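S.K.: Sequence below, structure please.
(chains A and B)
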There are 2 protein chains.
Amino acid sequence: MWNYDIALEWKDGKAGELGAAGKPAVTVATPPEFGGPPGTWTPEDLLAASVAGCVMTTALFWTDRLKVNLRRYRSSATARMEKTREGLAITAVEIRVAASVAAPSTAADMAKVMNLAEQNCPISKSLKCPVTVALECEVE
Amino acid sequence: MWNYDIALEWKDGKAGELGAAGKPAVTVATPPEFGGPPGTWTPEDLLAASVAGCVMTTALFWTDRLKVNLRRYRSSATARMEKTREGLAITAVEIRVAASVAAPSTAADMAKVMNLAEQNCPISKSLKCPVTVALECEVE
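M.R.: The predicted structure follows:
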């Protein structure tokens, strides 16, 4: 069992400061469309960041394990929020990955890595909504 | 429908850089207990931060709506990860809030706010695991 602890203190308006032992502070606020300030991480952004981070770090575990020569990994992620019967909820998280591998690794090797990452990411598994991972892979 | 978009690029080792339009970059990495660097936000931390941020911003919505004189709001959050039948997963998120309100608002008013925040937080509603919110409230 592993525990991950953070702290959050309200500063003013719709914003607060996140902290965790030895880690840089991050400001979090209500999204602008619900009355928060612009240019600030929102809880919904942080959820997308958590899932994208988990998919990446799980993929890095599998590139090591399967000896895939990863050269580049860039991803973007979208968390979708919608009105549902139970009120506002996240209804989908989409991850798009652009990766490069060096020969003798192949695009099929990286596809295998991403399938394993998609299946084994602890954060994705903890969400009710679907998490999709799309891969574009170049071979150098 | 609202979309929340972020980007994540692998830098080196087990770490990558998170970004979102106009927002400060945040480094994310595998937790130290799984081979990542110390002092860096992990996906599990970011999940705890997302839930804590959502509970706070939802509470701020309700303090406005119910005209509760909130003076201070500090919270800590723990995301618990465990081995389950489906592999590693987040099995609980616990939020602890220490708040102060000014008279004529009462601790009961703030308890009502936190119940509403607990029930209506879009992030909590999107998780399979239980999210608990405990409140300690002082009246100034």
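S.K.: Tell me the secondary structure at the most centrally placed residue in chain A.
M.R.: Closest residue to the average C-alpha location of chain A: residue A:52 at 1.8 Å, with CA atoms, centre = their mean. What DSSP: H, G, I helix; E, B strand; the rest coil gives for residue A:52 is helix.
S.K.: Share the number of residues neighbouring the residue lying closest to it once chain neighbours are set aside, please.
M.R.: Spatial nearest neighbour of residue A:52, excluding adjacent residues (CB to CB, 6 or more residues apart in numbering or on different chains): residue A:77 at 3.9 Å. From N, CA and C alone the C-beta is placed, and that goes for glycine too. The number of residues packed near residue A:77 is 28, by other CB atoms under 10 Å in any protein chain shown.
S.K.: OK, contacts around the residue nearest to residue A:87 when sequence neighbours are not counted?
M.R.: Sequence neighbours aside, residue B:120 is the residue nearest to residue A:87 in space, at 5.8 Å (criterion: CB to CB, 6+ apart). By CB atoms under 8 Å, 6 or more residues apart in numbering or on different chains, the contact list for residue B:120 reads A:87, A:88, B:58, B:62.
S.K.: shouldn't the residue nearest to the centre of chain A be in contact with residue B:17?
M.R.: No. If you go by CB atoms under 8 Å, residue A:52 and residue B:17 don't touch, sitting 11.3 Å apart.
S.K.: Give the residues shared as contacts by those two.
M.R.: residue B:8.
S.K.: Now the residue of chain A most remote from its centre: which helix or strand?
M.R.: Computed with CA atoms, centre = their mean, the residue of chain A farthest from its C-alpha average is residue A:104, at 28.6 Å. Element membership for residue A:104 (DSSP states H and E) is empty, with no helix or strand holding it.
S.K.: On the pLDDT front, check it for me.
M.R.: Confidence at residue A:104, expressed as pLDDT, is 97.
S.K.: What of the one 4 residues further on?
M.R.: Turning to residue A:108, the model gives it a pLDDT of 98.
S.K.: Looks to me like it is in a helix.
M.R.: Yes. Counting by three-state DSSP, residue A:108 is located in a helix.
S.K.: That one: neighbour count?
M.R.: Other residues near residue A:108 number 11, with proximity taken as other CB under 10 Å.
S.K.: Identify the residues contacting it.
M.R.: Taking CB under 8 Å, 6+ apart as the test, residue A:108 contacts no residue whatsoever.
S.K.: now residue A:84
M.R.: Contacts here follow CB under 8 Å, 6+ apart; on that basis residue A:84 touches residue A:91.
S.K.: Can you pull the phi/psi pair for it?
M.R.: Note on residue A:84: backbone dihedrals following degrees, to the nearest 10 are phi -120, psi 180.
S.K.: Residue A:125 too?
M.R.: phi -70, psi -20.
S.K.: Please apply the same query to residue A:102.
M.R.: Dihedral angles (degrees, to the nearest 10) for residue A:102: phi -100, psi 140.
S.K.: Any idea how many residues pack against it?
M.R.: Close neighbours of residue A:102, defined as other CB under 10 Å, add up to 13.
S.K.: Now it: closest residue in space, sequence neighbours ignored.
M.R.: That would be residue A:69: by CB to CB, 6+ apart, it lies 4.1 Å from residue A:102.
S.K.: so that neighbour touches residue A:106, yeah?
M.R.: No. The pair residue A:69 / residue A:106 is not scored as a contact, 10.0 Å apart, by CB under 8 Å.
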